[in-house]
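> here are the coordinates; sequence isn't available:
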């Protein structure tokens with residue numbers, strides 16, 4: 001019964017011919033498929049590169065704190081009556097081109113014991129221009145003091161595609177923090 005009915009009426013054949021050719025033509029298939037995966041692939045690439053750069057900057061900040069803290073640990077900063085600005089210059093000399101030295105925030109405090117040391121990251125406060133207006137401590141302590149050094153830096157991040165965002169501050173930057181806690185060596189305060 002169904003064998004006598006034509007599958008496609010003759011009137012539709014001229015209209016369906018271009019669609020049949022399009023269905024059988026696969027010359028642009030790879031381009032179309034790449035178009036589907038290109039945006040997520042590029043977004044993933046940007047996210048990976050940005051994450052790697054932030055990780056590298058954080059690791060370098062850790063290295064800078066480790067090198068710079070020795071200047072306080074050994075008493076060189078204290079015996080030379082180094083100021084906070086001079087220590088910032090010294091810290092800047094330990095960094096690479098990744099950082100702008102003017103944007104370092106250095107907080108140095110001393111304590112009597114490790115249990116009383118405060119290592120929480122300070123909360124940043126901003127003025128109307130979006131600049132940090134915190135006052136940072138400079139108290140490197142004496143021989144045997146417990147010292148906490150916090151080196152902070154606002155790393156600018158770019159809002160990634162598909163909502164990927166590494167910012168942890170309200171101004172769209174990422175706060176990188178490196179902390180060192182140590183006990184000063186029993187250095188001599190001056191000539192005997």
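Yes, it's here. The shown structure was predicted, so the numbers you read here are calculated from the model rather than taken from an experiment.
> So which bits of the helix or strand containing residue 77 are buried?
Per DSSP states H and E: residue 77 is located in helix 76-79. Across helix 76-79, burial judged by 16 or more other C-beta atoms under 10 Å covers 77, 78. Placement of C-beta: from N, CA and C, glycine included.
> Which residues does it contact?
For helix 76-79, contacts defined as C-beta atoms under 8 Å, 6 or more residues apart in numbering pick out 71-72, 82, 87, 90, 140-142, 184, 187-190.
> which of the residues you listed are buried?
The buried subset of the contacts of helix 76-79 (16+ other C-beta under 10 Å) comprises 71, 72, 82, 87, 90, 140, 141, 184.
> these two touch, right, the fourth one and residue 64?
What that stands for is residue 87. No - in this structure, residue 87 is not within contact of residue 64 by C-beta atoms under 8 Å, at 12.0 Å.
> so how far is the longest helix anywhere in the chain from its chain's centroid?
If you go by DSSP state H, the chain has its longest helix at helix 29-73. Its chain's average C-alpha position is 8 Å from that of helix 29-73, according to C-alpha atoms, centre = their mean, to the nearest Å.
> average pLDDT for it?
Averaged over helix 29-73, pLDDT sits at 88.
> Same check on stretch 101-110?
93.
> what do you get for stretch 15-22?
69.
> Stretch 118-138 too?
89.
> so how far is residue 150 from the spatially most central residue of the chain?
Of all residues in the chain, the one closest to the mean position by C-alpha atoms, centre = their mean is residue 54, 3.2 Å from it. Here residue 54 is placed at a distance of 18 Å from residue 150 (C-beta to C-beta, to the nearest Å).
> Now do the SS call for residue 109.
For residue 109, the assignment made with DSSP: H, G, I helix; E, B strand; the rest coil gives strand.
> so it touches residue 148, yeah?
Yes - using C-beta under 8 Å, residue 109 is in contact with residue 148, at 5.1 Å.
> For residue 164, give me phi and psi.
In terms of degrees, to the nearest 10, the main-chain angles of residue 164 are phi -70, psi 120.
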